[in-house]
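Visitor: how would this look folded up:
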Amino acid sequence: MVVGVSHGAAAVLAVLATLVTLWLLVGALRAPRARRADSQRDRRDHRDGAAVHGNPAEALALVGDALAATHNPRALLPVILEVVTEATGARGGRVIEAGEVVSWTGEVDRPATALVLELAETEEGMTELVLYAPPDGFSNETRRLAEWLASQASIALENARLHHTVQRQASTDELTGLVNRRRFLEALGGEIVRAGAFETPLSVVLADLDDFKLVNDRFGHHAGDEVLRRFAEMVRAHLRDVDVPGRLGGEEFAIIVPETDATGAEAVAERVRRSLATLRVADAPEFVVAASFGVAEHVPDEDGDTLLRRADDALYRAKRHGKNRVSVDGRAADAASSGAA
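Guide: Coordinates of the predicted model:
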């Protein structure tokens with residue numbers, strides 16, 4: 001196992017860069033909105049009394065910049081809303097996804113003429129952009145501009161969704177739905193950086209199914225796959241949202257347990273271990289699912305590879321002492337005792 005802090009630091013910096021970029025984009029959009037109030041009379045004299053609209057190419061460039069900053073469709077929606085609202089001179093707007101308002105801007109609490117534009121349709125439902133007209137209404141030119149921008153934004157959203165799907169597939173174990181080995185190591189690197197910055201505890205749990213080879217040999221690989229899926233479900237059921245479970249390969253699993261010392265992580269592993277006693281798989285009815293667990297708590301200046309190696313040693317200690325048990329590496333406790341001394 002090889003992991004470096006640099007991967008985690010890069011992941012943290014990438015997230016921060018995305019947030020800063022989106023914040024700057026939204027800020028750039030809001031500045032013209034403030035200036036618009038000072039020059040409303042001049043704009044009304046422009047082309048049939050309609051408000052001057054933002055440059056469509058410039059508006060699209062902002063959407064492009066946002067797409068470059070994040071391929072998360074949910075993060076892109078507020079930027080699209082700001083861009084189209086600003087470019088069309090709308091008084092306000094909302095994004096409605098499957099009947100639920102997920103983003104809004106400007107004045108949306110007073111009745112107004114609304115222009116409804118479709119952005120996307122997925123299995124969850126329709127995503128719509130609703131623009132509320134200024135007091136003098138939308139001109140035909142404004143409506144055409146809004147429709148054109150919405151069509152371009154729709155393409156950007158679809159590209160973001162496709163990219164998001166590819167990223168998820170690249171980082172997820174197809175059989176169990178847990179993160180795969182590569183993504184787990186990246187997440188561990190990020191958590192090590194965060195634990196060091198905030199001086200909070202961090203632990204990992206390794207788990208290995210006991211006698212798993214017997215399932216494949218006796219009941220077939222289909223049954224073995226079902227055992228792995230059910231085990232992953234059981235693990236997820238006992239974790240918090242901040243915990244990161246992953247499948248490292250074969251029948252070996254791992255869990256990142258942030259802000260938790262070895263004692264807390266041991267309790268998590270023990271809950272999972274005990275719950276396995278109730279797990280039965282239809283394709284392997286005679287097989288009693290059990291697992292051995294190794295727990296290690298991160299110590300200062302330790303990289304992810306060393307932390308996982310200690311958890312791995314604890315895991316195989318559990319195997320050697322009879323399996324179906326939890327073993328805890330004692331280095332963190334020893335370090336704490338030395339520090340106290």
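Visitor: can you pull the buried residues of stretch 209-219?
Guide: 209-210, 212, 215-216, 219 (16 or more other CB atoms under 10 Å). (Glycine included, C-beta is placed from N, CA and C.)
Visitor: Among those, name the ones in helices.
Guide: 212, 215-216, 219 (DSSP state H).
Visitor: Any chance of JSON lines for those residues, columns pLDDT and distance to Pro245?
Guide: Below are these laid out as JSON lines (pLDDT from 0 to 100; distance: CB to CB, whole Å):
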{"residue": "Phe212", "pLDDT": "91", "distance to Pro245": "17"}
{"residue": "Val215", "pLDDT": "88", "distance to Pro245": "21"}
{"residue": "Asn216", "pLDDT": "86", "distance to Pro245": "22"}
{"residue": "Phe219", "pLDDT": "88", "distance to Pro245": "25"}
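Visitor: And the strands in the stretch 101-250 of the chain, which stretches?
Guide: Assigned by DSSP state E, counting those that start in this stretch, the strands in the stretch 101-250 of the chain fall at 114-122, 125-132, 202-209, 244-249.
Visitor: Of all pairs in the buried residues of stretch 209-219, which one is the farthest apart?
Guide: Across the buried residues of stretch 209-219, no pair lies farther apart than Asp210 and Phe219, at 15.5 Å, counting by CB to CB.
Visitor: picking up where we left off before, can you put the buried residues of stretch 209-219 in TSV and add distance to Arg274?
Guide: As requested, these are exported to TSV (distance: CB to CB, whole Å):
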residue	distance to Arg274
Leu209	15
Asp210	14
Phe212	19
Val215	20
Asn216	25
Phe219	24
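Visitor: Tell me the one of these nearest Ile80?
Guide: Leu209 (45.9 Å).
Visitor: Report the separation between the closest one and Gly322.
Guide: Taking CB to CB, to the nearest Å as the measure, Leu209 falls 15 Å from Gly322.
Visitor: cool, and Glu186?
Guide: Glu186 sits 34 Å away from Gly322, taking CB to CB as the criterion.
Visitor: So between those two, which is more surrounded?
Guide: Neighbours per residue (other CB atoms under 10 Å) separate Glu186 from Gly322, with Glu186 holding more: 19 against 9.
Visitor: Buried residues in stretch 194-213, which are they?
Guide: Residues 195-196, 201-210, 212 are the ones in stretch 194-213 that count as buried (16+ other CB under 10 Å).
Visitor: likewise stretch 128-145?
Guide: For stretch 128-145, by 16+ other CB under 10 Å, it's 128-134, 138-139, 142-143, 145.
Visitor: Also stretch 235-249?
Guide: Within stretch 235-249, the residues scored as buried using 16+ other CB under 10 Å are 235, 238-239, 243-248.
Visitor: Quick one: residues in contact with that stretch.
Guide: Identification of contacts with stretch 235-249 by CB atoms under 8 Å, 6 or more residues apart in numbering yields 173, 175-176, 178-181, 183-184, 187-188, 191, 206-207, 228, 232, 253-259, 268, 271-272, 275.
Visitor: how distant is that stretch from the center of its chain?
Guide: Put simply, stretch 235-249 sits 14 Å off its chain's centre (CA atoms, centre = their mean, to the nearest Å).
Visitor: That one: end-to-end distance?
Guide: 16 Å (CA to CA, to the nearest Å).
Visitor: And stretch 278-288, by the same measure?
Guide: Termini of stretch 278-288 sit 9 Å apart (CA to CA).
Visitor: Quick check: buried residues in that stretch?
Guide: 281, 284, 287.
Visitor: Quick one: mean pLDDT for it?
Guide: Stretch 278-288 carries an average pLDDT of 82.
Visitor: what would the ones in helices among the buried residues of stretch 209-219 look like in TSV with distance to Asp312?
Guide: Below are these laid out as TSV (distance: CB to CB, whole Å):
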residue	distance to Asp312
Phe212	17
Val215	22
Asn216	23
Phe219	28
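Visitor: Closest to Val299 out of these?
Guide: Of all those, Val299 sits closest to Phe212, with 31.2 Å by CB to CB.
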